[in-house]
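J.: Fold the following, please.
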Amino acid sequence: MAACAASLLLYNVLFACVLDRPLTLGALRARIEANLAYGAAIAGPKLVILAGSNGPYSHRCQIIAPLIGRPCVNAGVAVGVGLDYLFARWQPLLHPGDIVYLPLEEAQYARPWATAALGPDAAIMLRHDRATLATMPLHRQVAALFVFDLRGAIMSLIETALADTHFHDPRQAVTGSTNAMGDHVGHTAALGAANRAVLAAAVPYHPTADEVRAGYGTRVVRDFLRWAGSHGVRVIGGLPTGFIDSPIDPGALTAIRALYRYEGAGFLDLPNHSRYPRSAFFDTPDHLNEAAQIRHSVAVARALVRLTERPAMADCRQCAHDGGVSDARAH
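T.: Numbers count the residues shown, from 1 in each chain. Next up is the predicted model:
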């Protein structure tokens, strides 16, 4: 028993205080911190776009901000980063009058809690952000203690060695870069030409209505909507970008809309449901190429202006029975 306790203690000390992954988890952490710093520096009401990588790849604050007349930060990072972690980090920076736009990927609603608990944010919290970890539910705290494995230890040694030799990350040359607002830029159609075969063969994942309703992500979003409603922060749900030939399951779409309406939040649904031809995408079914990103951002901005000209909806729990009809359709 003593030997088991000692080995467990050694494991936790190594991963919490010694081993690190500066190239993979470090890049995610740097992006999160840069977004937070940018948001904290904004004086007055702002728009925060929160999603997975669909956020920065398919939406562009650089375009949206001047069209809506308020500063914007593109705070999405990656679909695997837990929504509860992102919400926990952003809540102290959100103030009455702020707007949060959530064009979340479908998988984020349907993700079970066990998967969410073992995401990259768990490793980031254990190693670098134990203050936020302490605010998480008990199951998240316990899971963070066991998020690493032997492969993680080996990769930690490799990444640390590469970082110490000033390894040059080649990803920017083949995927584009990120601007100060958090937008992904430079991911042109020409740069993405090498991905055409991959995009042509891609089969996107679409959860069912039951999976959306039962998902841990849905519970996290619901809690955030309630927090926002009590703090004067306006939340508007939206749809992620995707292939026009691979629509969201109709029942799942109704469930997503109803989630926002039930809590009195808005929902932005473009006429095309944010669906585009495969030729408009860069490297995955969630990432528009730069030209399409700009066009989509103009459409989203115009719809946000129309939607925010109306007063926020009152609590609409009874509306959950109307099939989840959205608040606004952009034309």
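J.: where does residue 109 fall, phi/psi-wise?
T.: In terms of degrees, to the nearest 10, the main-chain angles of residue 109 are phi -70, psi -40.
J.: correct me, but it touches residue 219?
T.: No - if you go by Cβ atoms under 8 Å, residue 109 and residue 219 don't touch, sitting 9.4 Å apart. Quick note: C-beta positions are derived from backbone N, CA and C, even for glycine.
J.: Which residue of the two possesses the greater neighbour count?
T.: Remark: of residue 109 and residue 219, residue 109 carries more neighbours, 24 against 17, as counted by other Cβ atoms under 10 Å.
J.: list the contacts for the more buried one?
T.: Going by Cβ atoms under 8 Å, 6 or more residues apart in numbering, residue 109 touches 207, 211-212, 215, 217-218, 221, 252, 255-256, 259.
J.: Over to residue 196?
T.: Contacts of residue 196 by Cβ under 8 Å, 6+ apart: none found.
J.: That one should be in a strand, yeah?
T.: No - read with DSSP: H, G, I helix; E, B strand; the rest coil, residue 196 is helix and lies in no strand.
J.: Filter the contacts of residue 109 down to just the buried residues.
T.: 207, 211-212, 215, 217-218, 221, 252, 255-256, 259 (16 or more other Cβ atoms under 10 Å).
J.: Can you name every helix or strand that the top helix by length along the chain contacts?
T.: When the chain is parsed with DSSP state H, its longest helix is helix 290-308. Judged by 3 or more Cβ pairs under 8 Å, 6 or more residues apart in numbering; DSSP states H and E, the packing partners of helix 290-308 are helix 54-58, helix 61-68, strand 99-102, strand 234-237, strand 266-269, strand 328-329.
J.: buried residues in that helix?
T.: 290, 292-293, 296-297, 299-304, 307-308.
J.: What of stretch 279-292?
T.: 280-290, 292.
J.: what do you get for stretch 87-104?
T.: Within stretch 87-104, the residues that count as buried by 16+ other Cβ under 10 Å are 87-90, 93-94, 98-104.
J.: distance between the ends of it?
T.: Using Cα to Cα, to the nearest Å, one end of stretch 87-104 lies 13 Å from the other.
J.: returning to that earlier point: for the buried residues of stretch 279-292, name the two members farthest from one another.
T.: Within those, two members stand farthest from each other by Cβ to Cβ: 285 and 290, at 16.6 Å.
J.: still on that earlier bit, tell me what angle the longest helix of the chain forms with helix 61-68.
T.: Between the axes of helix 290-308 and helix 61-68, defined by axes from the mean of the first three to the mean of the last three Cα atoms, to 10 degrees, the angle is 30 degrees.
J.: so what's residue 259 up against?
T.: Applying Cβ under 8 Å, 6+ apart to residue 259 gives the contacts 109, 212, 218, 221-222, 225, 237, 324.
J.: make it 10 Å
T.: The contact partners of residue 259, by Cβ atoms under 10 Å, 6 or more residues apart in numbering, come to 109, 212-213, 218-219, 221-222, 225, 237, 265, 267, 320, 324.
J.: can you redo the residues you listed as JSON lines with distance to residue 149?
T.: Formatted as JSON lines, the contacts of residue 259 follow (distance: Cβ to Cβ, whole Å):
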{"residue": "109", "distance to residue 149": "27"}
{"residue": "212", "distance to residue 149": "30"}
{"residue": "213", "distance to residue 149": "32"}
{"residue": "218", "distance to residue 149": "29"}
{"residue": "219", "distance to residue 149": "27"}
{"residue": "221", "distance to residue 149": "29"}
{"residue": "222", "distance to residue 149": "32"}
{"residue": "225", "distance to residue 149": "35"}
{"residue": "237", "distance to residue 149": "36"}
{"residue": "265", "distance to residue 149": "39"}
{"residue": "267", "distance to residue 149": "40"}
{"residue": "320", "distance to residue 149": "41"}
{"residue": "324", "distance to residue 149": "40"}
